[in-house]
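Participant: sequence plus the predicted model coming up.
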Amino acid sequence: MLTIVDCKTGNLRNIQKAFLRLGVEVSISQTKEEIDEASGYILPGVGSFANAMANLEALHLIQSLKNNIINKKKPTLGICLGMQVLAEVGYEDGLTKGLGVLPMEIKKLKSSNDCPIPHIGWNDIVYSPKSILFNDIPQNVDYYFVHSFHAICSEKEIISATCEHGSKFVAAVEKNHIFGTQFHPEKSHQYGFKILQNFINYYKSSQKSA
C-alpha cells in the first residue's frame, strides 16, 4: 500500500483525502515496521527542513526510508517540504543533512520588492515534455505554492519543471522512481489532482512489473 510518511509536519489528512478522491486508499504511518512494509511513499510537509529531519531521526525512520527508496526503489512522491527533505542538505535553521536520495541542496529564495518571501499563492510553471508527473497537462498551468526555500540540483536532468518568483527556481523533480513537487498538488485543483493521478498510474505500473 502507498503510505504517507508522518514526520509531524502537518497537512497529512488533506493529502489522504486527495488520494481517496482519486479512488486510492493510502495509509498514514510513522512506525518503522509499517514504513518497511509499504510499497510506496508520499512525503508531505510544511515547516522547517531541520525540524522535519529531527522528527524523522527521533522516529528512527531515516535509514529505513533511505534503504527503501534508494535500494528497494519504492516509488516516492515528495510534496513541498517533503520534496526538500529528499535532498542531500538543507540550510534552513542551520546546515542539516537530508535523506540524500536526490542530488540537490535546499537554499533560501532571494527576495525583492516585487517578489516577497515567503512565496505564497498561485504561479504558473513550465515543465519538461519528458515528464511523467505532467503527462497530459497543458503548459503554463497555475499551481499553489507556500515556501521560502527552494532546491538547487547538481544534476540538471532531474529538473522536470520550473517556476519564476523573482528568479527561476525548481518547481518539480523526477529521477527514476523518485518524484517531487515544490507546490501543493492537493491544493491545486484539476491539474494538481492530475499530477497525483499520474503518480498513481506510475505506482500501479511499477507494482505490476515488480
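Facilitator: Received it, and whenever you're ready, just let me know what you need.
Participant: okay, CA-based contacts and neighbour counts for the rest of this
Facilitator: Fine.
Participant: look up phi and psi at the residue nearest the centre of the chain.
Facilitator: In the chain, the C-alpha nearest the mean C-alpha coordinate belongs to G78, at 2.0 Å (Cα atoms, centre = their mean). According to degrees, to the nearest 10, the main-chain angles of G78 amount to phi -100, psi 140.
Participant: enumerate every residue touching it.
Facilitator: In this structure, G78 makes contact with 42-44, 84, 86, 179-181, judged by Cα atoms under 8 Å, 6 or more residues apart in numbering.
Participant: please redo it, this time with the cut-off set to 10 Å
Facilitator: Contacts here follow Cα atoms under 10 Å, 6 or more residues apart in numbering; on that basis G78 touches 4-5, 41-45, 84-86, 172-173, 178-182, 184.
Participant: what's the spacing between it and S111?
Facilitator: For G78, the distance to S111 equals 25 Å [Cα to Cα, to the nearest Å].
Participant: what's the answer for A54, then?
Facilitator: Remark: distance between A54 and S111 (Cα to Cα) = 27 Å.
Participant: swap in E88?
Facilitator: Relative to S111, E88 is positioned 24 Å away (criterion: Cα to Cα).
Participant: show me which of the two is the more surrounded one.
Facilitator: Set side by side, E88 and S111 show unequal neighbour counts under other Cα atoms under 10 Å, the larger going to E88 at 18 against 15.
Participant: surely the more buried one touches M104?
Facilitator: Yes - look at E88 against M104 with Cα atoms under 10 Å: they come within range, at 5.9 Å.
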